[in-house]
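> After the sequence you'll find the predicted model.
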Amino acid sequence: MKLATKFQHLFKLTDDTGILQHSLYSIPDLTKGYTTDDNSRALIAASMLYEVYKDEKYLDLLKRYLSFLIYAQNGKGYFRNFMNYNREFIEEVGSEDCFGRTLWALGYLLNTNLSNGYQSVAVTLIKKALPNV
């Protein structure tokens, strides 16, 4: 489908860790690393794309972004936001915007028709985060 070609930039910005924070035109800027904010937004986008196109490539993106969120959650249930390209978070707790956006993405995932496995992960992360709301 022609519409799907508009989402190629999503694939260009995504590596084995998640979606990179910035690019210089169409080239990923590795110096900026990743954010949980962006991976949360990307999780919503990948969920929507998979629901529309039922293409495994979007499900693969969804898994990658969800995996990033698992890694981003600290032991107290907060979500760290900024990660450098060496896969190290540079803060212990992200912003309130990051926290809210991540809960929004997880809640969105709960409202999809995806398998319970993905929804179970979302529930686990939300339950761990809830004491901080």
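Yes, it's here. Note that the structure is predicted; figures quoted are calculated from it, not measured.

> Could you pull up phi and psi at the nearest residue to G33 once chain neighbours are set aside?
Residue nearest to G33 in three dimensions, not counting chain neighbours: N84, with 4.4 Å by C-beta to C-beta, 6 or more residues apart in numbering. Where C-beta positions appear, they are placed from N, C-alpha and C, glycine not excepted. Per-residue torsions, N84: phi -80, psi 170 (degrees, to the nearest 10).

> what about N84, neighbour count?
13 (other C-beta atoms under 10 Å).

> cool, F79 as well?
Per other C-beta under 10 Å, the neighbour tally for F79 reads 28.

> quick thing: my sequence starts at 391, can you match it?
In the new count, where the first residue is 391, that last one comes out as F469.

> list the contacts for it?
T426, L459, A462, Q463, V483, G484, C488, F489, T492, A519 (C-beta atoms under 8 Å, 6 or more residues apart in numbering).

> Report the two of those residues separated the most.
Across these, no pair lies farther apart than L459 and V483, at 14.8 Å, counting by C-beta to C-beta.
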